[in-house]
Every structure is written in C-alpha cells, then in structure tokens.
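Novice: okay, predicted coordinates and the sequence, questions at the end:
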Amino acid sequence: MSTPQIVVHRDKELMAQAAAARLITKIVDAQAARGSASVVLTGGRNGNGLLAALATAPARDAVDWSRLDLWWGDERFLPEGDPERNYTQAREALLDSVPLDPARVHPMAPAGGPYGIDPEAAAEAYAAELAAASRPEDHGPVPSFDVLLLGVGPDTHVASLFPEMPGVRETERTVIGVQGAPKPPPVRVSLTLRAIRAAREVWLLAAGEDKASAVALALSGAGEIQAPAAGAYGRSRTLWLLDDAAAARLPRELYPPATS
Ligand SMILES: O=C1O[C@H](COP(=O)(O)O)[C@@H](O)[C@H](O)[C@H]1O
C-alpha cells in the first residue's frame, strides 16, 4: 500500500493538461524500461478530459502508441457504440486519433455482445483476458499495470464500486458484474479493489465542487466500504490529482502549498 500524494491544480483544464503530460512521461519511461506500457482507463468527465488533453498535447508523439496496452477499470453495460459507453467516449476523446495496435486495446464486452445481457459473464471473460495477459513476475491474476486511472464520484465511488454495495466487498474476484448501481446505467462491469491494487501506480482524478466532500471523506481515514476511493491505491504510488474546487474541504496540512 502506498500513502496518497496529493497534487492540486488551479482548475480542471489545467489539471487535465498536467495529468496528460504526466501520463505521457510515464508511458515513455515504461516503454523505455520494459518495451511496452499498460494503462487502465476510466470513464467520467475527468478521465475523458485527460484523454482529450492528451489528444492535443504537444508531446503526444513521444509515445509509441503501438506498444501501449489499454484496459478499462469499468464499463457501463450498454450496446456497442452507445454514446454512454466508456469505450465509445474514450474512442472519441483520443483512441480514434492515435495509431494503437488493436490487439492491445481491451474494452469490456458490450451488452448484446458475445455474453448477451449477462454482466457476470462479461466480467468473467474480462477476468480471463486479464489473467491471460498476466506474466509470472506479476504474481497474480492481473498484469502490473503501469498506471491505473480512476475518476472519483461525488459519492466516493471509483470504477463501478459504489459505497456499501457488494462490489466493494469483493476480495476474491478481479472483475465483477454490477446490478443496481445508484448512478445510471444500473448495470455495469467493474474491476474490483483487488485488481486495482495490482497497479504500480493508481491516479485518482477529481475536479469540481461536487467532488469536495467525497475527496475529503476518502482522504480523511474513511473505510473503503463507506468510501471506495479510500481503498484504491497502487503498489508503488497513489496520486490524487485535484483542482482547487475538489480540494476545498481537505485539511490544508494534507498537501503542500500551491502547485498550480
Ligand atoms: O459512471 C462513471 O462515473 C465515474 C465518475 O465519473 P465523473 O463524471 O463523476 O468523473 C467514472 O470514474 C466511471 O468510470 C464511470 O463509469
């Protein structure tokens, strides 16, 4: 478990640009060190904001896009091409404009796809895909992702793990089907905290005043059942990337002076 580090930016645009620059450096470094890099994408406003900032970042061509593995932390279990699917939104924000290797892009299955309308079957298939990609040095059923991105919901949910719901209590499986999510759509597929914690680095993104209470709760000692974001950490680093509004209720001693 790594102790959270907190970086606060002036506003959500600067936060997205700084996170994009940080991610480019991380991918380039991982590719230099290990030949390829792996990133787990998140849906939501801030995750898509980061991808859009990456699409226009001056240094984006420093990345070898053909040696990047992309996974998803969660998916809204909707038909292929649905505009609310996290995969559809990521494609629009970035993926369609960079030369990725399609064999290295790993979206979660859509509703009505190979697993019909059964999110548990889609989750099992994704767990198997992760296990197949895991190498002996990963010491577990998921790869050691270089960076795993997470948005933080106003209720402290991360991926599709919602407070007090069964998903956040799951300790064995790496991917689960979610029914009855409080945020639409109700049916989803999600990595569990076990899978999230296999990442080398976990970056949590939150911007806007509607996230301020969630950020304060998760970083002030709440348990992960009550505040799933509190249970999301990386093996080497846990980084909270915030804007001023989302950090507004954090005790000031938790983060160093102005970083904007
Ligand atoms: O529905 C979802 O919401 C969360 C948070 O989204 P945000 O718009 O409040 O930032 C997101 O992290 C998750 O991937 C997505 O499925």
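Specialist: Right, received. Where do you want to start?
Novice: for the residue lying closest to Leu94 once chain neighbours are set aside, what is the enclosing helix or strand?
Specialist: Excluding the flanking residues, the one nearest Leu94 by C-beta to C-beta, 6 or more residues apart in numbering is Leu51, at 4.0 Å. Glycine gets a C-beta too; all of them are placed from N, C-alpha and C. In this structure, Leu51 sits in helix 44-56 according to DSSP states H and E.
Novice: so how many other residues sit close to the residue in the stretch 51-200 of the chain positioned nearest to the ligand?
Specialist: Proximity of the stretch 51-200 of the chain to the ligand (C-beta to the nearest ligand atom) peaks at Gly151, 2.7 Å away. By other C-beta atoms under 10 Å, the residues close to Gly151 number 25.
Novice: pretty sure it sits against Leu41.
Specialist: No: Gly151 is beyond contact range of Leu41, at 10.1 Å (criterion: C-beta atoms under 8 Å).
Novice: so who does Pro182 touch?
Specialist: Neighbour list for Pro182: Asp155, Phe162 [criterion: C-beta atoms under 8 Å, 6 or more residues apart in numbering].
Novice: and Val7, what does it touch?
Specialist: Val7 touches Ala18, Leu239, Trp240, Leu241, Leu242, Tyr255, Thr259, counting by C-beta under 8 Å, 6+ apart.
Novice: would Leu239 count as being in a strand?
Specialist: Yes: applying DSSP: H, G, I helix; E, B strand; the rest coil, one finds Leu239 inside a strand.
Novice: can you classify the residue nearest to it when sequence neighbours are not counted by secondary structure?
Specialist: Excluding the flanking residues, the one nearest Leu239 by C-beta to C-beta, 6+ apart is Trp203, at 4.7 Å. Secondary structure for Trp203, judged by three-state DSSP, is strand.
Novice: what number of residues lie near Trp203?
Specialist: With other C-beta under 10 Å as criterion, Trp203 counts 27.
Novice: so it touches Gly151, yeah?
Specialist: No: under the criterion of C-beta under 8 Å, Trp203 makes no contact with Gly151, lying 10.2 Å away.
Novice: which two in the contacts of Val7 are spaced the farthest apart?
Specialist: Ala18 and Tyr255 (14.5 Å; C-beta to C-beta).
Novice: SS state for the nearest residue in space to Arg104 that is not next to it in sequence?
Specialist: For Arg104, ignoring the flanking residues on the chain, the nearest one in space by C-beta to C-beta, 6+ apart is Asp69 at 4.6 Å. Three-state call for Asp69 (three-state DSSP): strand.
Novice: measure Asp69 to Ser38 for me?
Specialist: To Ser38, Asp69 is 4 Å away according to C-beta to C-beta, to the nearest Å.
Novice: okay, and the common contacts of these two?
Specialist: What both Asp69 and Ser38 touch, as defined by C-beta under 8 Å, 6+ apart, is the set Pro143.
Novice: what about the nearest residue to Thr3 once chain neighbours are set aside, distance to the ligand?
Specialist: Excluding the flanking residues, the one nearest Thr3 by C-beta to C-beta, 6+ apart is Thr238, at 7.0 Å. Distance, Thr238 to the ligand, by C-beta to the nearest ligand atom, to the nearest Å: 16 Å.
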